[in-house]
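Enquirer: dropping a prediction and its sequence here:
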Amino acid sequence: MLAQLLPSLTDGLLLGFVYGVAAMGLSLIWGVMTVINLSHGPVIALGMFATYLLFTHLGVNPYLALVAVAAFGMLLGFLIYGVAVHRVLNAPHLSTLLATFAVNMIIIGVGTAVFTTSPHNIDFPLGSWEIGPLTLPATRLVATLGAVVITGALYLFLYFTRPGKAIRAVANNRQAAELMGIPSARILALSFGLGTMLAAVSGGLIATFFPFTILSGGPYELKSFVICVLGGLGNPLGALLGGLLLGGLEGLIPTFMPVSWVPVVEFGLFVLVLLVRPSGLLGAK
């Protein structure tokens, strides 16, 4: 049993790092502007396709392509914020929910017309590494390293740069931040852009080891909601812990029960955390 359990758990934890990056974007947007971004999943899928197109048509290394995917995600976030979110930001939560859901449907509709729903994949094998009894796909290890670097960069940006401190000030008290001369409209747009960028980059990482379609972002969006609740709503760094927990569960559960039970357990945990500790394991921010 241990010989089967350890590889599954390790594989799940490596995947959990990438889940954490996806959830960070959702958590950051909620923490700064209390917007539930339902366009998160399609943006993840667009990150997958952006990496795929750069790799297949231009021959760009998929990991180097993440730099362009990040820039694309940031610009897309600015566009979504300016067109769909900015005007309804102070309206009831249902307004922002419906606005981002409309963006969700637009992206899926256009993406289906352009890419169809046939699966695509990035064929970029890196082999595997053997560490004792474990055989780890190198693509998972590189994605994990990328996720750690992204998390560290986000932490340094939020706590040690002027724009990052402005984001935290607006998240704490928008009116007070404006009185101190912080342009809240620009900071909110930057926050939404960063959240969208993280979603697109996570999609690019996921595309290196799973086939995908334009609909593939949906399950990762749902996982991101679970992760955000686990780590603490509005706590981007807590999302990494939540991602590791969820990835570990996904690795462990199939060794004890059928794979079809994985979402049942995940969302059962989601409800349990909401009932017992709604602020998450690390607390909401």
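Expert: Yes, it's here.
Enquirer: okay, CA-based contacts and neighbour counts for the rest of this
Expert: Noted.
Enquirer: how far does stretch 172-179 sit from its chain's centre?
Expert: Distance of stretch 172-179 from the chain centroid (Cα atoms, centre = their mean, to the nearest Å) equals 27 Å.
Enquirer: quick one: buried residues of that stretch?
Expert: Residues of stretch 172-179 classed as buried: Arg174, Ala177 (neighbour count, 16 or more other Cα atoms under 10 Å).
Enquirer: for it, what is the average pLDDT?
Expert: On average, the pLDDT along stretch 172-179 is 89.
Enquirer: what do you get for stretch 277-285?
Expert: Rounded mean pLDDT across stretch 277-285 is 66.
Enquirer: and the gap between the residue lying closest to Ile253 once chain neighbours are set aside and Gly251?
Expert: Among residues not flanking Ile253 along the chain, Val262 sits closest, at 6.4 Å (Cα to Cα, 6 or more residues apart in numbering). Counting by Cα to Cα, to the nearest Å, the gap from Val262 to Gly251 is 9 Å.
Enquirer: out of these two, which sits in the more crowded spot?
Expert: Counted by other Cα atoms under 10 Å, Val262 and Gly251 do not tie: Gly251 has more neighbours, with 24 against 18.
Enquirer: my guess is that one contacts Leu14. True?
Expert: No. Gly251 lies out of contact with Leu14 (Cα atoms under 8 Å); the separation is 9.7 Å.
Enquirer: all strands of the stretch 151-285 of the chain, in order?
Expert: With DSSP state E, counting those that start in this stretch as the criterion, the stretch 151-285 of the chain has no strands.
Enquirer: mind listing the helices for it?
Expert: Using DSSP state H, counting those that start in this stretch, the helices of the stretch 151-285 of the chain run over 162-172, 174-179, 184-206, 217-231, 236-252, 262-276.
Enquirer: tell me the secondary structure at Leu136.
Expert: strand (DSSP: H, G, I helix; E, B strand; the rest coil).
Enquirer: if it is in a bridge, with which residues?
Expert: Trp129 (DSSP bridges).
Enquirer: tell me how many other residues crowd it.
Expert: Neighbour tally, Leu136, other Cα under 10 Å: 17.
Enquirer: returning to what we had before: please enumerate the shared neighbours of Gly251 and Leu14.
Expert: Any residue near both Gly251 and Leu14 by Cα atoms under 8 Å, 6 or more residues apart in numbering counts here, and not one turns up.
Enquirer: hmm, back to that, and the helices of the stretch 151-285 of the chain: which comes nearest Phe78?
Expert: When those are compared by Cα to Cα, helix 184-206 sits nearest Phe78, at 5.2 Å.
Enquirer: and the closest one, how far out from the chain middle?
Expert: On Cα atoms, centre = their mean, the centre of helix 184-206 falls 9 Å from that of its chain.
Enquirer: elements contacting it?
Expert: helix 2-33, helix 40-58, helix 65-80, helix 162-172, helix 174-179 (3 or more Cα pairs under 8 Å, 6 or more residues apart in numbering; DSSP states H and E).
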